[in-house]
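[1] quick one, what's the 3D model for this:
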Amino acid sequence: MDFTPTEEQGAAQGLAAQIFGDLATHERLAAAGSGTDAELWKELCAAGLTGAVEEIGLLGLVLLLEEQGRTTAQVPFAASCVYGLLAVADHGTDEQRERLLPPLRDGTAVATGAFPARSGLRTDGEGRLSGVVPYVPWLRDATLVLVADADRVLWVVRTADPGVVVVPVETTAPWSAARLVLDRAPGERLGGPGPELSPEPSPEPEAESEVKGGTGREPEAETGEAGAAGMHGAVLAASRTAFAGLQAGVCAGSLARAVAHTTTREQFGRPLSTNQGVLLRAADAHMDTEAIRVTAYEAAWRHDQGLAYGAQALTAAWWASEAGKRVVHAGQHLHGGTGADLDHPVHRHFLWGRQLDSYLGCGSEVLEELGELLVKEGSS
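    Numbers count the residues shown, from 1 in each chain. The predicted model follows:
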């Protein structure tokens, strides 16, 4: 394994760091409230960073999301890239790629994903969906939603279509979220129409042992119940990997603020950072952050190499959940009383870290999935 960024990946990461650093300031984030920074989103798209994701792969996207996480920039970058660009590029038909990818590349279309753990979404024989997803991140900004139904079939739903209702909700992190209500809303099956599925809901999802990365796969091979489950598992694994990269950035940003605070804040005539307890807490947070980063890198690298990476994606998700919340708690605690200020920048990292802790499965749920996958692989 070689996680060294390519020249293109490094250049994209450097550009992302510059844009996020210049525009995702504390003042602008406070002014945005729980909404999206539209100017920042336009700047990212104009710089070609959204369109570059297809070329730099999932590992490149993880690098970009690290930079977003450092500043907690309020843009739908992760969601639109994972549930839009990469999902369509990996699993869409040629016609879907030609039609859907251009507006996703330039940012005129924004995608998000509705992947409820226990889907109550139903599909009739005409490809119309009904049901409710309690919260979907960045749904207020989205023009397209990648929806997973009860049979784990993926559908592209347009938020402007009849039968689609978007109800704004507030979440722990300011992710411009909303409740998705579908009432016989028209959907377009990702990968094109396939054989008719069983009218009975599928049992609880089994662990996927052959989730593989890479692009250009023939969608005709991904139809039927087994193909639908495989496509669902692949998109979910890519999503968990990408959001683990985002969590690595959130933790790195929180830790950087804690280091800056403890090295400049003095108590009894010396910096707080000279206290052994502070040093140990910061060191533990650093190691946790590195664990999130390296597991996300491994999963993303295996995806880009076309290798099986289901277990690696779950491992990255587990570290992002369990270690992530430890780091953002440590970052807030190391600020002392200042960390209790809801308007302090470090509190935003705390909110993002806790939201990412549970998004796409909390640590215990992910660990159960990983255990089932390992048992399945060991017995095969």
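[2] wait, R184 touches G127, no?
    No. Using CB atoms under 8 Å, R184 is not in contact with G127; the gap is 10.0 Å. Yep, even glycine has a C-beta here, placed from its N, CA and C like the rest.
[3] quick one: the strands in this protein?
    111-114, 122-123, 128-136, 144-148, 154-158, 164-168, 178-186, 188-189, 266-267, 270-271 (DSSP state E).
[4] so which of those comes closest to G277?
    Set against G277 and scored by CB to CB, the strands of the chain come closest in strand 266-267, at 12.0 Å.
[5] distance to T71, mean pLDDT and mean neighbour count added to the strands of the chain, as TSV?
    Shown next, in TSV, are those (distance: least, CB to CB, whole Å; pLDDT from 0 to 100; neighbours: other CB atoms under 10 Å):
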stretch	distance to T71	mean pLDDT	mean neighbour count
strand 111-114	20	96	27
strand 122-123	39	91	18
strand 128-136	23	94	19
strand 144-148	26	96	26
strand 154-158	30	96	21
strand 164-168	24	97	15
strand 178-186	24	96	20
strand 188-189	35	95	18
strand 266-267	27	75	12
strand 270-271	25	84	12
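[6] give me the most central residue, the chain.
    F243 (3.1 Å; CA atoms, centre = their mean).
[7] just give me the neighbour total for A340.
    For A340, the count of nearby residues is 11 (other CB atoms under 10 Å).
[8] list the contacts for it?
    Residues near A340 by CB atoms under 8 Å, 6 or more residues apart in numbering: Q332.
[9] quick one, helices of the stretch 251-380 of the chain?
    Remark: helices assigned in the stretch 251-380 of the chain by DSSP state H, counting those that start in this stretch are 276-304, 310-333, 345-358, 363-379.
[10] and the longest one, what's buried?
    Using 16 or more other CB atoms under 10 Å as the burial criterion, the residues of helix 276-304 that qualify are 278, 281-282, 285-286, 288-289, 291-293, 295-304.
[11] do the same with the second one
    Judged by neighbour count (16+ other CB under 10 Å), helix 310-333 contains these buried residues: 310-332.
[12] please list the residues outside stretch 52-60 that contact it.
    Against stretch 52-60 from outside (CB under 8 Å, 6+ apart): 3, 5-6, 8-9, 12-13, 61, 63-64, 81, 85-86, 89, 101, 105, 213, 215, 238, 241-242, 297, 299-301, 303-304.
[13] what distance separates the start and the end of stretch 120-129?
    Terminal residues of stretch 120-129 are spaced 10 Å apart (CA to CA, to the nearest Å).
[14] neighbouring contacts of that stretch?
    When contacts are defined by CB under 8 Å, 6+ apart, stretch 120-129 is touched by residues 114, 130-133, 147-151, 153, 155, 157, 163, 182, 184-189, 196.
[15] excluding sequence neighbours, find me the nearest residue to V132.
    V181 (5.3 Å; CB to CB, 6 or more residues apart in numbering).
[16] circling back to that earlier point, which of the strands of the chain sits closest to A248?
    Closest approach to A248 among the strands of the chain (CB to CB): strand 111-114, 20.1 Å.
[17] list the strands paired with that closest one, with their directions.
    Strand 111-114 has the following sheet partners, assigned by DSSP bridges: strand 144-148 (parallel).
[18] now V211. Nearest residue, chain neighbours left out?
    Nearest one to V211, counting by CB to CB, 6+ apart, is G310 at 3.6 Å.
[19] alpha carbons of stretch 132-148, as CSV, please.
    Extracted in CSV, the C-alpha atoms of stretch 132-148 (Å, rounded to 0.1, in the frame of the first residue of the first chain):
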residue,chain,number,x,y,z
VAL,A,132,-40.3,9.2,5.2
VAL,A,133,-36.6,9.6,6.1
PRO,A,134,-36.4,11.6,9.4
TYR,A,135,-33.3,13.6,8.4
VAL,A,136,-31.1,13.9,5.4
PRO,A,137,-28.0,16.1,5.5
TRP,A,138,-27.8,19.0,3.0
LEU,A,139,-31.2,18.1,1.7
ARG,A,140,-32.2,21.8,1.7
ASP,A,141,-29.6,22.5,-1.0
ALA,A,142,-30.0,19.3,-3.0
THR,A,143,-31.6,19.0,-6.4
LEU,A,144,-31.0,15.2,-6.5
VAL,A,145,-31.4,12.6,-3.7
LEU,A,146,-30.0,9.1,-3.9
VAL,A,147,-32.6,7.0,-2.1
ALA,A,148,-32.3,3.4,-0.8
